[in-house]
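Undergrad: next comes the sequence, and after it the predicted model I'd like to discuss.
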Amino acid sequence: MNVHISRIDITKILFLDIETVPQYATYDEVPEVERELWEQKSKRLRSDDISEEDLYKKAGIFAEFGKIVCISAAYVLQKKDDIQVRVRSFAGHDEKQVLLDFMELIRKHFDGKQTLFCAHNGIEFDFPYLARRALIHGITIPRSLDTRGKKPWETPYIDTLDLWRFGDYKNYTSLKLLAHIFAIPTPKDDIDGSMVCDVYWRENDLQRIVTYCQKDVIAILQLFRRYRCEELIPDDAVVVVE
């Protein structure tokens, strides 16, 4: 993306957030051949004070060892001063179906040349994760999401983490912290990313993850508006679409 954010039509942006978990409930369930590959992949995460079971809970961060259980998308409808945000989530235990349903939304409504996608740390996580998992399932990636062979400024991506860096790439800043400093209201009694694995595999509470994912995608949209020195969109203008 090579357009200044102040000039972007927000109605052309699809805001995204994904939640991922390890492919297996416990490390003991991982097939032997995959265990060897996991041990190689996870070398940089290992330390003396972490068990193999606890380490495996982090497998969801890798597209080769994790799976997507929820994708939440938000987009803005605006006519003059009337603004509405619609939020739709794709969630389930069958990752392939989740991806097929989401990709169908992209192809129908967000596959044009003017479409942009926005996520927090999306360039390093959400966008490549979606593409990799789609390919693993044999799903064709929509043109607007397929960045293979494109130069960085040709990709249709907006990253709220990247926008905050202003060229400073030394540190990661969480969405939670940015929401706090920009006074973006978020539920205080919800889960955080470190809890998603246990909520999914131990508590079997997918709906709780969906609620958390929707909260984050709305926060990303509101953060984008703060970056443009715009007022927050009121809660009553946000509609969750089933």
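TA: Now that the structure is in, tell me what you want to look at.
Undergrad: contacts, neighbours, all on C-alpha from now
TA: Will do.
Undergrad: confidence-wise, which helix or strand of this structure is lowest on average?
TA: helix 52-56 (a mean of 90; mean pLDDT, DSSP states H and E).
Undergrad: which other helices and strands contact the helix or strand that that one is followed by?
TA: Remark: after helix 52-56, the chain's next helix or strand is strand 66-79, criterion DSSP states H and E. On a contact count with 3 or more Cα pairs under 8 Å, 6 or more residues apart in numbering; DSSP states H and E, strand 66-79 meets strand 13-22, strand 82-91, helix 95-109, helix 206-227.
Undergrad: and those: which comes nearest His120?
TA: Closest approach to His120 among the helices and strands packed on strand 66-79 is made by helix 206-227 (6.7 Å; Cα to Cα).
Undergrad: thinking in terms of the whole chain, how far from its middle is that closest one?
TA: 9 Å (Cα atoms, centre = their mean, to the nearest Å).
Undergrad: can I get stretch 46-62 in CSV, CA atoms only?
TA: Extracted C-alpha coordinates of stretch 46-62, given in CSV (Å, rounded to 0.1, in the frame of the first residue of the first chain):
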residue,chain,number,x,y,z
ARG,A,46,12.4,-23.5,24.0
SER,A,47,13.8,-22.7,27.4
ASP,A,48,14.7,-24.8,30.5
ASP,A,49,11.7,-23.6,32.5
ILE,A,50,8.9,-24.6,30.0
SER,A,51,7.5,-28.1,29.6
GLU,A,52,6.9,-29.8,26.3
GLU,A,53,3.1,-29.7,26.9
ASP,A,54,3.1,-25.9,27.7
LEU,A,55,5.4,-25.3,24.7
TYR,A,56,3.1,-27.1,22.4
LYS,A,57,0.3,-24.6,23.4
LYS,A,58,2.2,-22.1,21.3
ALA,A,59,2.0,-24.2,18.2
GLY,A,60,-1.0,-22.2,17.0
ILE,A,61,1.3,-19.3,16.0
PHE,A,62,2.7,-21.4,13.2
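Undergrad: contacts for that stretch, please.
TA: Thr20, Val21, Pro22, Gln23, Thr26, Tyr27, Leu45, Phe65, Gly66, Lys67, Tyr129, Cys197 (Cα atoms under 8 Å, 6 or more residues apart in numbering).
Undergrad: and of those, the nearest to Gly149?
TA: Tyr129 (17.0 Å).
Undergrad: next, count neighbours for Gln78.
TA: 12 (other Cα atoms under 10 Å).
Undergrad: report the contact partners of it.
TA: Applying Cα under 8 Å, 6+ apart, the residues contacting Gln78 are Thr11, Gln84.
Undergrad: and Gln78, how far is that from Thr11?
TA: 7 Å (Cα to Cα, to the nearest Å).
Undergrad: reformat the helices and strands packed on strand 66-79 as TSV; add distance to Trp153.
TA: Below are the helices and strands packed on strand 66-79 laid out as TSV (distance: least, Cα to Cα, whole Å):
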stretch	distance to Trp153
strand 13-22	16
strand 82-91	27
helix 95-109	21
helix 206-227	19
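Undergrad: tell me the most buried of these?
TA: strand 13-22 (a mean of 25; mean count of other Cα atoms under 10 Å).
Undergrad: can you name the element that comes right after that one?
TA: helix 32-41.
Undergrad: how about residues contacting that following helix?
TA: So helix 32-41 is contacted by Phe65 (Cα under 8 Å, 6+ apart).
Undergrad: that'll do, ta.
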